Structure formats: structure tokens, C-alpha cells
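Enquirer: Got a sequence here, can you build the structure:
(one chain, ligands or ions: 1)
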Amino acid sequence: MDSCDKYNECTYINSDLAKDMGVFLEALKVKYCHGDYKKCARYILGKKIGNDKVPQTLLPAELEEAIAIANKLLG
Ligand code: SF4
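Expert: Numbers count the residues shown, from 1 in each chain. Here you go, the predicted structure:
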């Protein structure tokens, strides 16, 4: 399976916030970044509104939050 093409520029996965997650971060990378990245809330939202507008703190599993942000910005 392919890896996420946003991996090197992702403002969450490369943040100090994420690094503090330790082993949970590794599980998240396996599940999303190197797995089902097309189901990642950050990936989906980035495609809709632009990667630069995705909040740094949005977690890959926070799909409902991503939809709310997209609806707010896109109307
Ligand atoms: S957190 Fe999501 S957007 Fe960021 S690298 Fe992983 S799969 Fe891609």
C-alpha cells in the first residue's frame, strides 16, 4: 500500500505535539500515514480546503471535526 504523499509536509505528524505521543504515534502512522491515508481527516480536509488551512491539532481520526471545518469554510 502507498504512503501518504503529505507525510513530509504534514504539520501534525512532524510536530512536537505528535512526538509526545510516543508509541501511539507509531500506531497512528501505521494505520493512516502508511496505510489508509485516504481515510485520514487531515488528508481529506487538506484536499478540500488546502493543506495550509488544516489546523495543526486536527487528528487523523477526527473526521467529524474535519467535516465541520470544511462546512464552515466552504458554506
Ligand atoms: S496524518 Fe494524515 S495527512 Fe498527515 S501524513 Fe499522516 S495520513 Fe497524511
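
Enquirer: What about Val54? Give its phi and psi, please.
Expert: For Val54, the backbone dihedrals (degrees, to the nearest 10) come out as phi -80, psi 120.

Enquirer: Can you read off the pLDDT for Met1?
Expert: pLDDT recorded at Met1 is 69.

Enquirer: where does the protein come near the ligand, residue by residue?
Expert: Residues of the chain that fall close to the ligand, judged by CB under 6 Å from any ligand atom: 4, 6-7, 10, 12-13, 32-33, 37, 40, 42-43, 60. To be clear about C-beta, it is placed using only N, CA and C from the backbone, and glycine gets the same treatment.

Enquirer: Count the residues that sit near Pro55.
Expert: Pro55: 14 surrounding residues under other CB atoms under 10 Å.

Enquirer: Could you find the closest non-adjacent residue to it?
Expert: The shortest distance from Pro55 to any non-neighbouring residue, by CB to CB, 6 or more residues apart in numbering, is to Ile69 (7.2 Å).
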